[in-house]
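Engineer: Curious how this folds, go ahead:
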Amino acid sequence: MDEVSITSNRFGGRVVSRDGTEIAYERHGGGPPLVLVSGALGTAAAERPLAALLARRFSVVTYDRRGRGGSGDNGAGGHGGPGGHGGRAGAYAAVEREIEDLAAVLAEVGPGAALHGLGTGGALALSAVAVGMPSGPVSVFEPPFCAASAERLAGAVALTSLGRRDAAVALLLAESSLPAVAWPGLAGLAPTLAYDLAVLGDGTVPERLFAGVHARVLVIDGGASPAGTRRAARALTAALPRARHRTLTGQTHEVGPHVLAPVLADFHSESREPVGLL
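Structural biologist: Numbering: from 1, shown residues only. Prediction:
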């Protein structure tokens, strides 16, 4: 679809997913395409600091996962428009819809685009590639494949279903270094946590599914992250056919963009080949 200039180096546009949901995206810089997939409660706007650093070498595309920011969510009930989930995403959240959304974004930016996913966004990116979505290399930062993370996410979804969005955000971010003063602004995104739970499942690494990921993968974690998070990163690396693991010293899940960007740039600048067939 046609893009609109937002700044001299940032453009915005929309694509239409398979079920008719409009997905909003932003494009930064120029060069080989690299799509950033945000994690729980994340938006395209939140990815701008990292995108700006990577835009020196890539055409970086960020997008609002369905029900967030400028994206709609037609879902089962056909409630479109930005934020159109109406707080009921948990009733029909499906990984397939989010894979279709990501496929629509990749179709817009060009075949063989590289992917980087944060948290559950990393799990979503790997799931999409595993079922045949063509891509270049994939990098992920701390996909939360552990039982404790899945239980906490399930608890947050349950609280959201009771209308307790602030409590849901507080539960999800209880171990986060994100200042509590920022939590209330995230309450509006709480209904979309059902999608993150659908992607994560029970927190077990889906070894059989991920055996189908033939792209090169870089699994990254923070050296100051909890032990369970770091074990999950090693387990995920072991389950992927072409993965390697890297730890960023002193970093947590709220990784500094200035630390992460050069690592991603080096990895995604290596020789790339499209993989997968739709």
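Engineer: for the stretch 151-278 of the chain, what are the low-confidence residue spans?
Structural biologist: 179-181, 271-278 (pLDDT under 70).
Engineer: Please enumerate the helices of the protein.
Structural biologist: When assigned using DSSP state H, the helices of the chain occupy the ranges 48-54, 95-109, 120-130, 147-161, 165-172, 193-200, 207-210, 227-239, 257-269.
Engineer: Out of the ones you listed, which is closest to residue 18?
Structural biologist: helix 95-109 (4.2 Å; C-beta to C-beta). To be clear about C-beta, it is placed using only N, CA and C from the backbone, and glycine gets the same treatment.
Engineer: what sits up against that closest one?
Structural biologist: 1, 13, 15-19, 21, 23, 25, 27, 33, 35, 37, 59, 61, 63, 65-66, 71, 75, 113, 124-125, 127-128, 131, 133-135, 195, 198-199, 278 (C-beta atoms under 8 Å, 6 or more residues apart in numbering).
Engineer: what's near enough to touch the closest residue to residue 204 other than its chain neighbours?
Structural biologist: The shortest distance from residue 204 to any non-neighbouring residue, by C-beta to C-beta, 6 or more residues apart in numbering, is to residue 145 (6.9 Å). Counting by C-beta under 8 Å, 6+ apart, residue 145 touches 123, 200, 203-205, 232, 235-236.
Engineer: hang on, the earlier thing: now the helices of the chain in CSV, with distance to residue 141 and mean neighbour count?
Structural biologist: What follows is those, written out as CSV (distance: least, C-beta to C-beta, whole Å; neighbours: other C-beta atoms under 10 Å):
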stretch, distance to residue 141, mean neighbour count
helix 48-54, 10, 20
helix 95-109, 17, 21
helix 120-130, 6, 27
helix 147-161, 14, 19
helix 165-172, 17, 20
helix 193-200, 15, 26
helix 207-210, 16, 14
helix 227-239, 9, 17
helix 257-269, 7, 17
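Engineer: got CSV for the ones you listed, with distance to residue 247 too?
Structural biologist: Listed next are these as CSV, based on distance: least, C-beta to C-beta, whole Å:
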stretch, distance to residue 247
helix 48-54, 18
helix 95-109, 27
helix 120-130, 15
helix 147-161, 18
helix 165-172, 24
helix 193-200, 22
helix 207-210, 20
helix 227-239, 7
helix 257-269, 10
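Engineer: thinking again about what came up before, now go through the contacts of helix 95-109 and say which are in strands.
Structural biologist: 13, 15-16, 23, 25, 27, 33, 35, 37, 59, 61, 63 (DSSP state E).
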